[in-house]
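S.K.: Here you go, sequence then predicted model.
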Amino acid sequence: ETGVTQTPRHLVMGMTNKKSLKCEQHLGHNAMYWYKQSAKKPLELMFVYSLEERVENNSVPSRFSPECPNSSHLFLHLHTLQPEDSALYLCASSQPRGGRRGELFFGEGSRLTVL
Amino acid sequence: GESVGLHLPTLSVQEGDNSIINCAYSNSASDYFIWYKQESGKGPQFIIDIRSNMDKRQGQRVTVLLNKTVKHLSLQIAATQPGDSAVYFCAESRNYGQNFVFGPGTRLSVLP
C-alpha cells in the first residue's frame, strides 16, 4: 500500500469528453507531481507543485489542466484529448529539503485510453 | 504501472543468480541518482540511491555502482528471486533531486 493514492485506476474517454484524475498523498509532503508514462518513452515530467503553487509546467498542452487545492491533493483535468494522449499518468510526491526536491514517491497510476 | 507495449531491453536471469542492470546517464553535472522498480500494475518504487561523491552503495541484496568518468550507473541484485521480475529505471538529477530525468528502463525476467 503506497502513501500516494490515484483514482480512477482506469479511464476510457472520447476526444470530446471532460474528465479528471485525482491524486491524494498521505505522507505529509509539500511537493506533488504529474508524470506521463507512454509506450516507448521514458517517464516524462508534466507538472510540479510546491506548497500548492505550480512551479513547473513542462511544455504540456493546455488540454491538460492541473489543480492543487492543498498540499495533499492534486488533480489533472482532461479536455478534448487526442488518442496519442493515451498513457499511464503517474502522480508522485516528495518532501523538499534545503532547496532539493528529494526522493519521489509514486502512486499506482491512472491508465488513460482516449478513443 | 503497466509496461505493456514498451519495447524495453530485457535481461533474463536464472533464479538464484546475480543480476546486473546498466544505465548510461546523459548529464555530467548530475549529482544524485536513484534506481526505481516498477512491477506490472504498480507505480515505480524506490530501491536505492547514490550521490555523486560516492561510487558504491549497498542495500539489502542490492548494490549500486556509479562511474562518473563514463557516466554509467549499474544496479546489482544478488540471488535474484521471482519477485524481482519488473522494469527497472534509473533516474538522474542535479542539485540532489531538483529535476529527475528517467532512463528508458530495463525489463528483468527471472527464470525458474
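M.R.: Received, thanks.

S.K.: How far off centre is stretch B:17-37?
M.R.: 5 Å (CA atoms, centre = their mean, to the nearest Å).

S.K.: ignore the last one, stretch B:59-68
M.R.: 9 Å.

S.K.: who in chain A is up against chain B?
M.R.: Selection of chain A residues close to chain B by CB under 8 Å from any CB of the partner chain yields A:2, A:4, A:6, A:37, A:39-43, A:45, A:56, A:88, A:90, A:92, A:94, A:99-109, A:111. Every residue, glycine included, has its C-beta placed from N, CA and C.

S.K.: can you rerun that using 10 Å?
M.R.: A:2, A:4, A:6, A:9, A:31, A:33, A:35, A:37-45, A:48, A:56, A:58, A:87-88, A:90-92, A:94, A:96-109, A:111 (CB under 10 Å from any CB of the partner chain).

S.K.: Show me what the helix or strand of chain B with the lowest mean pLDDT packs onto, helices and strands only.
M.R.: Taking mean pLDDT, DSSP states H and E as the measure, chain B has strand B:99-102 as its least confident helix or strand, at a mean of 86. Judged by 3 or more CB pairs under 10 Å, 6 or more residues apart in numbering or on different chains; DSSP states H and E, strand B:99-102 is in contact with strand A:31-37, strand A:44-50, strand B:32-38, strand B:86-94.

S.K.: With mean neighbour count added, can I get these in JSON lines?
M.R.: Converted to JSON lines, the helices and strands packed on strand B:99-102 look like this (neighbours: other CB atoms under 10 Å in any protein chain shown):
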{"stretch": "strand A:31-37", "mean neighbour count": "24"}
{"stretch": "strand A:44-50", "mean neighbour count": "20"}
{"stretch": "strand B:32-38", "mean neighbour count": "23"}
{"stretch": "strand B:86-94", "mean neighbour count": "23"}
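
S.K.: Next, format those as TSV and append distance to residue B:101 and mean pLDDT.
M.R.: Formatted as TSV, these follow (distance: least, CB to CB, whole Å; pLDDT from 0 to 100):
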stretch	distance to residue B:101	mean pLDDT
strand A:31-37	12	94
strand A:44-50	8	90
strand B:32-38	10	94
strand B:86-94	5	92
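
S.K.: Rebuild the ones you listed as a markdown table, extending it with distance to residue A:74.
M.R.: Shown next, in a markdown table, are the helices and strands packed on strand B:99-102 (distance: least, CB to CB, whole Å):
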| stretch | distance to residue A:74 |
| --- | --- |
| strand A:31-37 | 4 |
| strand A:44-50 | 6 |
| strand B:32-38 | 20 |
| strand B:86-94 | 20 |
